[in-house]
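Trainee: test case, fold it:
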Amino acid sequence: MKRETYELLERYMICCMEDTAHDKEHIYRVLYHALEIAKTEHGVDYDVLIAACLLHDIGRKEQFKNPALCHAAVGGEKAYQFLLAHGFEPSYAKQVKQCIQTHRYRQNNPPQSLEAKILFDADKLDVAGAVGIARTLLYNGITGEPLYSLLPDGSVSTGETDTEPSFFHEYKYKLEHLYASFYTEKARAMANERQAIAAAFYNSLYGEVNASYQNGMDELERLLEGTDCVNII
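Mentor: The predicted structure is shown next:
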């Protein structure tokens with residue numbers, strides 16, 4: 001890819017990024033992950049891969065405003081129209097579009113081309129390990145979602161059976177299981193190096209929060225039911 005082409009795509013990407021959990025630095029990390037993965041694969045079309053990496057999240061703004069929209073579908077179409085408007089071949093624009101449309105963590109729309117699989121893996125790597133935990137917490141803060149929810153008995157839920165969003169729910173629903181979803185061996189190896197870090201963080205956070213509730217509720221109950229009461233006049 002020529003530098004002027006890269007810079008054209010980069011400028012368009014930057015003007016589309018508003019979500020701090022999916023900012024331009026996320027884009028660069030995904031791109032760099034993808035290039036690292038691509039070195040271990042054969043027949044990679046780097047022009048398609050680089051463009052798809054740079055533009056894969058340009059539909060985030062639309063999804064944030066309307067959660068019913070899929071940013072992958074919106075972003076794929078935006079990228080397609082942008083490339084056509086700037087004189088790129090329709091076949092090339094279509095390949096980039098297809099990569100973007102299938103990069104999201106969904107089982108009903110898997111990536112097909114090698115470039116799409118690399119983008120998928122690179123994007124998922126940025127949800128793995130410590131970075132993934134940090135980005136998830138940042139996104140929770142943006143959307144106002146809590147760290148955890150409580151069970152009917154007042155204890156802290158692990159997130160496994162939750163229906164309402166929270167960090168614990170996101171970890172149990174998505175983050176804990178993404179390590180089996182990679183397509184390339186390189187990405188799988190990179191993810192496995194990060195898995196223990198994410199698990200340790202979740203387990204430590206749950207342990208600390210749960211202990212405070214269990215100990216605190218028991219102590220509060222003891223004091224409320226104690227015989228040494230203070231008369232309120």
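
Trainee: helix or strand right after the one helix or strand residue 75 maps to?
Mentor: In the assignment (DSSP states H and E), residue 75 maps to helix 71-85. Secondary structure here is assigned by DSSP H and E; on that basis, the next helix or strand after helix 71-85 toward the C-terminus is helix 90-101.

Trainee: output that following helix as CSV, nothing but the C-alphas.
Mentor: The C-alpha trace of helix 90-101 is given here as CSV (Å, rounded to 0.1, in the frame of the first residue of the first chain):
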residue,chain,number,x,y,z
PRO,A,90,-15.3,-2.0,-6.7
SER,A,91,-13.9,-5.5,-6.2
TYR,A,92,-11.3,-4.1,-3.8
ALA,A,93,-13.9,-2.0,-1.9
LYS,A,94,-16.1,-5.1,-1.6
GLN,A,95,-13.3,-7.2,-0.1
VAL,A,96,-12.6,-4.6,2.5
LYS,A,97,-16.4,-4.3,3.2
GLN,A,98,-16.7,-8.0,3.7
CYS,A,99,-13.8,-8.1,6.2
ILE,A,100,-15.3,-5.3,8.2
GLN,A,101,-18.8,-6.8,8.2
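
Trainee: taking helix 90-101 as reference, get the angle to the helix holding residue 75.
Mentor: Between the axis of helix 71-85 and that of helix 90-101 there is an angle of 160 degrees, by axes from the mean of the first three to the mean of the last three CA atoms, to 10 degrees.

Trainee: tell me which residues of helix 71-85 are tucked away?
Mentor: Residues of helix 71-85 classed as buried: 71, 72, 73, 74, 75, 76, 78, 79, 80, 82, 83 (neighbour count, 16 or more other CB atoms under 10 Å). From N, CA and C alone the C-beta is placed, and that goes for glycine too.

Trainee: tell me the contacts of the closest residue to residue 129 other than its chain neighbours?
Mentor: Taking CB to CB, 6 or more residues apart in numbering as the measure, residue 129 lies nearest to residue 194, with 2.7 Å between them; neighbours along the chain are not counted. With CB atoms under 8 Å, 6 or more residues apart in numbering as the criterion, the residues that contact residue 194 are 125, 128, 129, 130, 131, 132.
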